[in-house]
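Engineer: Provided below are the primary sequence and the corresponding predicted coordinates.
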Amino acid sequence: MNIALIAHDKKKDSLVGFATAYKDILAEHQLFATGTTGSRIIQETGLSIHRFQSGPYGGDQEIGAYVANNKMDIVIFFRDPLTAQPHEPDVSALMRLCDVYSVPLATNMGTAEILLKGLERGDLSWRNIVYGKSGDQDGRDNS
Ligand SMILES: O=C(CO)COP(=O)(O)O
């Protein structure tokens with residue numbers, strides 16, 4: 001599965017903690033992140049992560065493009081609901097696309113834990129059936 005990890009600045013410590021706690025599960029999948037979030041998680045967990053641009057510089061939109069092409073299976077986005085973001089339209093657009101494409105989106109730790117536990121027990125395998133086994137050559141990993 002392809003998993004995106006994103007956190008606004010005041011939520012980065014939480015996401016690093018989350019990634020540390022669930023490192024064993026995350027390590028079995030292809031991980032993607034916005035720039036600064038990715039750096040923090042790589043630095044503190046050693047996980048291998050493809051980093052996009054930083055969020056305010058287009059990272060949310062890059063992840064949105066993956067969602068729109070059914071190349072992202074889970075989005076874990078610890079948003080900060082108490083701080084205005086200069087790129088709020090990008091944030092909203094990413095969440096909107098998750099709804100358009102029925103991509104599981106966790107915006108806080110509580111939901112993220114449920115998602116990863118579900119992932120571990122195979123609840124999301126349908127995504128491989130629907131999107132991953134068509135034999136297309138887009139580099140998508142089907143694990
Ligand atoms: O702003 C973000 C998401 O909207 C996150 O971007 P960074 O991971 O680069 O801080």
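Structural biologist: In hand now; what should we look at?
Engineer: what's the closest non-adjacent residue to the residue in the chain that the ligand sits nearest to?
Structural biologist: Proximity of the chain to the ligand (C-beta to the nearest ligand atom) peaks at residue 55, 2.2 Å away. Bear in mind the C-beta positions are built from the backbone N, C-alpha and C, glycine included. In space, and not counting its chain neighbours, residue 55 is closest to residue 34: 4.5 Å by C-beta to C-beta, 6 or more residues apart in numbering.
Engineer: now do residue 73
Structural biologist: Per C-beta to C-beta, 6+ apart, closest to residue 73 is residue 1, 4.2 Å.
Engineer: hmm, that neighbour is touching residue 71, no?
Structural biologist: No: applying C-beta atoms under 8 Å as the test, residue 1 and residue 71 come out as separate, 10.7 Å apart.
Engineer: does residue 71 count as helix, strand or coil?
Structural biologist: coil (DSSP: H, G, I helix; E, B strand; the rest coil).
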